[in-house]
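Asks: please find the sequence and the predicted model below.
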Amino acid sequence: MDREVLIVDYGIGNLHSVARAFEFVDTRPTISSDPEQVSKYSHVVLPGVGAFGNGMEALRSEGMDAALNTARKSGSNILAICLGMQLLMDESEEFGTHQGLGFIPGKVSRIPSTGSEGQSIKIPHIGWSRLYPWLQEEGFRTRVLEGFEKLDPVFYFVHSYQALPEQETDVAAVCKYEGNSLTAIVERDNVVGCQFHPEKSGSAGLQLIRNFVKN
């Protein structure tokens, strides 16, 4: 495949494990904290772990928020992972109200503390969960899950908050946790976000990465 990919370094995220996953699918990942480099790549990855407010503060302090917006507008393909996916939204209620990148209209809210039958559930949601199409009759409406219809995609999650897009067409897949549907993948135009960690999700995660870089 031999495609070059930029992994955004803003001091938050497991950058090297993400880079190794991209290397495994025959791409050439570059880790960079230089905002001027972002728009030079056709494929950009925004990883992240931790709190929303800290993530946005780090992006702004490096000028990465503006650089990512320029790349988005110019047509670069953006893959946001875990916290990175949440940063795509307008705002988050995690430890107060914080403004996000605003690439996908919506907000980030805490996962409900009760399941679908009213039972108390553990937060955060940690572990392996299957993905389901948001609209079952349409199947997976996202390029990163191309070819997954006949598979049983299971991915690794660690999160206490979830993205809630305003428009249901921006939700590409969900997972189930104690009967609740949680947003697992969002996608709008050239921007896609995964709440789970594809780099920690074995063969399914690697296939998702292949699908991302081939487009």
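Replies: Structure's in. What do you need?

Asks: tell me which stretches of the chain form strands.
Replies: 3-8, 27-32, 43-46, 77-81, 89-92, 98-99, 104-110, 125-133, 154-159, 161-165, 171-177, 180-188, 191-194 (DSSP state E).

Asks: could I get these as CSV with mean pLDDT, mean neighbour count and distance to residue 203?
Replies: For the C-beta atoms, the positions are set from N, CA and C on the backbone; glycine is no exception. Putting these into CSV (pLDDT from 0 to 100; neighbours: other Cβ atoms under 10 Å; distance: least, Cβ to Cβ, whole Å) gives the following:
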stretch, mean pLDDT, mean neighbour count, distance to residue 203
strand 3-8, 94, 22, 19
strand 27-32, 96, 17, 17
strand 43-46, 98, 26, 19
strand 77-81, 98, 24, 17
strand 89-92, 98, 21, 29
strand 98-99, 98, 16, 35
strand 104-110, 98, 19, 28
strand 125-133, 93, 17, 13
strand 154-159, 96, 20, 10
strand 161-165, 97, 22, 25
strand 171-177, 94, 22, 17
strand 180-188, 96, 22, 17
strand 191-194, 98, 27, 15
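
Asks: which stretch among the ones you listed comes nearest residue 141?
Replies: strand 171-177 (5.6 Å; Cβ to Cβ).

Asks: the closest one versus strand 125-133: what angle between them?
Replies: Relative orientation of strand 171-177 versus strand 125-133 (axes from the mean of the first three to the mean of the last three Cα atoms, to 10 degrees): 130 degrees.

Asks: which other residues reach strand 171-177?
Replies: Contact with strand 171-177 is made by 111, 115, 121, 125, 129-134, 140-142, 144-145, 155, 157, 165, 181-187, 192, 195-196, as judged by Cβ atoms under 8 Å, 6 or more residues apart in numbering.
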